Structures are given as C-alpha cells and as structure tokens.
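Student: heads up, no residue letters with this:
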C-alpha cells in the first residue's frame, strides 16, 4: 500500500539537488549515503523501488537472467505502478530501450524477431517487429529522436549517441517529475536521475584515468605504467 | 428546532478556533517533516528551516481572534449567523494553513539547494497567508452584523 504524500516529505527534503547532467563533475550524493536515506522508505515501497531499479537499470540486471525473465519482470511490474505518470514514464523508458535494441539488432544484420520472442519490452514491441524494415520501425512520429540516433549509430559516433540518449532520458525524466515533489514517484524519478548522473560522471572518471595513465607514460617507464593501468582497471 | 440551532451556533462559535488549529497542525506537520529532512542535508541555517515550518501557526491565532469577535449569547436568533460565519471562516483558515504548509515544504526543499532564493521561495507561502488574513479580517467585520442577542 502506498503511503500518503506527507510520508515522503522528510526523505525528499533530505536529498541533495541534482545538477544539470552535462555540467556535473561529481555526484552530489554517493550511493552509500543515498541508500541510507532510502532506508526511510517503508518496506513495501523499498521493495517496489528495487524492482523498478532492477528493470530500468542495466547495471542492476543479474547476469544469470535470461531475456525472457527480464521481459517478464518488466511486464509484471508496470501494472503494479499505481501512479499513471510514473507508469507512463517507465513504459516510455522501456520502449526507448526496445528501440535501441532493435536498431542494434538490425544494424548487426539480424532478421526481425519471431512473434512471441522475448527481445523487447512494452506494447510497441510487436509494432516494431512488424515494421522491422521501415527506417523508423514505424515509431518515428512518437520517437523523433530516432532518426538522429540512427545516423549517429551508422556513423559509429557512439559517444554522441550515448550523449543524445542520456540527454533525451534526462529531459523526459525531469518533465515526468514535474508535479511530483513529495510522493513515491518523486523518489523514483530522483533515483533514476541519480543513475543517469552516475553513468555520465563515471564516463568522465574513466576518461580522466586514461589521461592520467597517458601522462604517466610520458614521465615514467612503461612497465610501471602497465601495472598501474591494470590496477585502475 | 431551537436546540439544533443553538448547537450549530456553538459549533460556529468554536469553529474558527478548532478548524484553524486543525489546519495549523496539518501545515506545521507538513513543513516540519520537510525541515527535518533538510537538517540532514545542510550544515547551516537549521533555524531557518524550523522557523519556516512554524509559519502555518498563525491561522490558529486568527481563529482565536475570530472566535472572540463572535462571542455573544448563543440563542436561536444568533445561532444561524454564528454558524455560517464561524464555519466558513474556519474552513478558510484550515485550507490556508494546510496549503501553506506545502508551500513552506517546497520552499525548504528548494532553498536548501539554493540558499540565495530563500526569501523569494517564501513568497507563495506569504501569498497564501494573505488570503487567510482576508478571511480573518472580514469574519471580524461581518461578525458585527450578527445580533448581539440576549439570553431569554
């Protein structure tokens, strides 16, 4: 059972403001501190939040899980989301993921998935499958970002593609969060935005590590740098 | 019929105080919960958060003053007027306090991240307070029109 809006006041007020994603240099709150704040949630809310995270965040997916299990978990989750804004958002988010998966599969020369195959999530999966040979999978009107994403993917500019997708999801998450300041959906939107920040700032960290190793290569002997690079990896 | 009118008259007499207090309870609790959360996230300015969370208290005071302005013998002649003015003034105070609490919670949530907007962030709560003051003042003004009454 979801609690009333006032139950989330203390939790949301205890979370730091999240900066614009591409301006962020570091996370405003670590995962450890965030988890401690999230302990304020009631057990049923915490369990639902974990399920949402497990479906939406790739890094939370178990490596042992099959595609069918992941699709099944997402299909079971969405009807349980009481808030329409959050449910629609999660549906959109998973649809975006299905489109990116379809784009990659098609670019790899794979044929359209068979009817009933567990390869994507959401009501649009069958439509994408039926329009497999259309440039925009028949989804161009609803997903205007798709044309640019396809051209970036075709050009091999994966960094720009990643930036475009993060920007798209960040903006949509922010718009979906409007009007949700102190409720369960606000907690979910905050956490999902935190994940995007974490993803982007971690990319910067790896770039810094590579730059650091490259600088060391110039100043030190190669074996010592190799050892350091292995430790950083 | 007279006992019912008299009972409603008493409800109208005590209504502004009781409903104003209920609103203050709700508003202060809402803003207070946000203030407690902000204490975890900020290193300084804790007094501001707690002080702001007490802003919806004023509706209780307005309710007390309206109650005293309505005070007169409760009779079948004065009962209907007391009930109407007291109940409506009380409802206005209740709603303003509860919603002011939400405004204060939002102000705390925003100002903890951006302290320089603290003053501006209070403006919506102050505007809501303004409507409570309207209800308060005009309840007092209109109370003058209710018969002063005399016990039989």
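Tutor: Nice, I can see it. Quantities reported herein were computed from a predicted structural model and do not represent experimental measurements.
Student: okay, now residue A:218: neighbour count?
Tutor: 7 (other Cβ atoms under 10 Å in any protein chain shown). Placement of C-beta: from N, CA and C, glycine included.
Student: distance of it from residue A:212?
Tutor: 11 Å (Cβ to Cβ, to the nearest Å).
Student: Over to residue A:29?
Tutor: In this view, residue A:29 and residue A:212 are 25 Å apart by Cβ to Cβ.
Student: And those two? Which one has more around it.
Tutor: More neighbours surround residue A:29 than the other of residue A:29 and residue A:212, with 19 against 14 (other Cβ under 10 Å).
Student: list the contacts for the residue nearest to the more buried one when sequence neighbours are not counted?
Tutor: In space, and not counting its chain neighbours, residue A:29 is closest to residue A:16: 5.2 Å by Cβ to Cβ, 6 or more residues apart in numbering or on different chains. Listed by Cβ atoms under 8 Å, 6 or more residues apart in numbering or on different chains, the contact set of residue A:16 reads A:28, A:29, B:41, B:113.
Student: SS state for the last one?
Tutor: For residue B:113, the secondary structure call by DSSP: H, G, I helix; E, B strand; the rest coil comes out as coil.
Student: Pull the number of nearby residues for residue 96.
Tutor: As the question left the chain open, I've gone with chain A. 21.
Student: um, chain B though
Tutor: Applying other Cβ under 10 Å, I find that residue B:96 has 28 neighbouring residues.
Student: Leaving out sequence neighbours, find the closest residue to it.
Tutor: residue B:132 (3.8 Å).
Student: can you check residue A:153 too?
Tutor: Closest to residue A:153 by Cβ to Cβ, 6+ apart is residue A:161, at 5.6 Å.
Student: Would you check that that neighbour makes contact with residue A:152?
Tutor: Yes: if you go by Cβ atoms under 8 Å, residue A:161 and residue A:152 touch, sitting 4.2 Å apart.
Student: Need the residues touching each of those two.
Tutor: With Cβ under 8 Å, 6+ apart as the test, residue A:161 and residue A:152 reach no residue in common.
Student: same question for stretch A:87-105, mean pLDDT?
Tutor: Stretch A:87-105 shows a mean pLDDT of 91.
Student: do the same with stretch B:91-111
Tutor: On average, stretch B:91-111 scores 95.
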